[in-house]
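**Student:** Need coordinates for the below:
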Amino acid sequence: GPNGLPSQTIAKSLGIELSGGIVPASSDERCHVFSKPDGQLAVHPITDGREESESVDRVTTYIGQAFQASEDYVPLLTFGSGSKQFVDPKAANSGTVGQDVEGWLQGAAAELGRGRVAVFGEAGMFTTRYSAFRNKPVGMHTEEADQNAQFLLNVMRWLSRRL
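**Tutor:** From the prediction side, this is the model:
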């Protein structure tokens, strides 16, 4: 969810520093779009898939949080210019100036020991739901997130070494 503080201990043990804040989309957008052309979506086996039909060029997220990861991780989703974090969700709409999180992550993957781990600071990107706050659907079934389901399938295949 948008506040990862309950997960702080396990995250630290995996080399992840959670921000504990939220990173809403800019006021003129309703989501974050991470794409390969803008450099915010990494070229990685997860985004390449097993063949061209499984390739992902963009991933959409809705709010979530930013995090930093140890050098063991490959950044998958990297916040771009203008991305701001707010510790208090109400502050995001109050005119308060948020903390700049350009270059921070919302997704990363690593091979740790004999296993693999993928970390994401946003859950809505992997769901299909209706947001009363936004008064519209959010998640993998929306037009703006049309590649998220393939991205999630690629993540699961990569984690299980089937990619």
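**Student:** ok, and the closest non-adjacent residue to residue 76?
**Tutor:** residue 107 (3.8 Å; Cβ to Cβ, 6 or more residues apart in numbering). Every residue, glycine included, has its C-beta placed from N, CA and C.
**Student:** Quick one: residues contacting the residue nearest the centre of the chain.
**Tutor:** Centroid-nearest residue in the chain: residue 106, 3.5 Å away (criterion: Cα atoms, centre = their mean). Listed by Cβ atoms under 8 Å, 6 or more residues apart in numbering, the contact set of residue 106 reads 23, 32, 34, 61, 64-67, 77-79, 120-122.
**Student:** from those residues, which would you call buried?
**Tutor:** Buried members of those, scored by 16 or more other Cβ atoms under 10 Å, are 23, 32, 34, 61, 64-67, 77-79, 120-122.
**Student:** any low-confidence regions in the chain?
**Tutor:** With pLDDT under 70 as the threshold, the chain has low-confidence stretches at 1-5, 26-29, 89-95, 133-134.
**Student:** Name whatever forms a beta bridge with residue 61.
**Tutor:** Taking DSSP bridges, one obtains residue 32 as the residues bridged to residue 61.
**Student:** pretty sure it contacts residue 32?
**Tutor:** Yes - with contact defined as Cβ atoms under 8 Å, residue 61 reaches residue 32; the gap is 4.7 Å.
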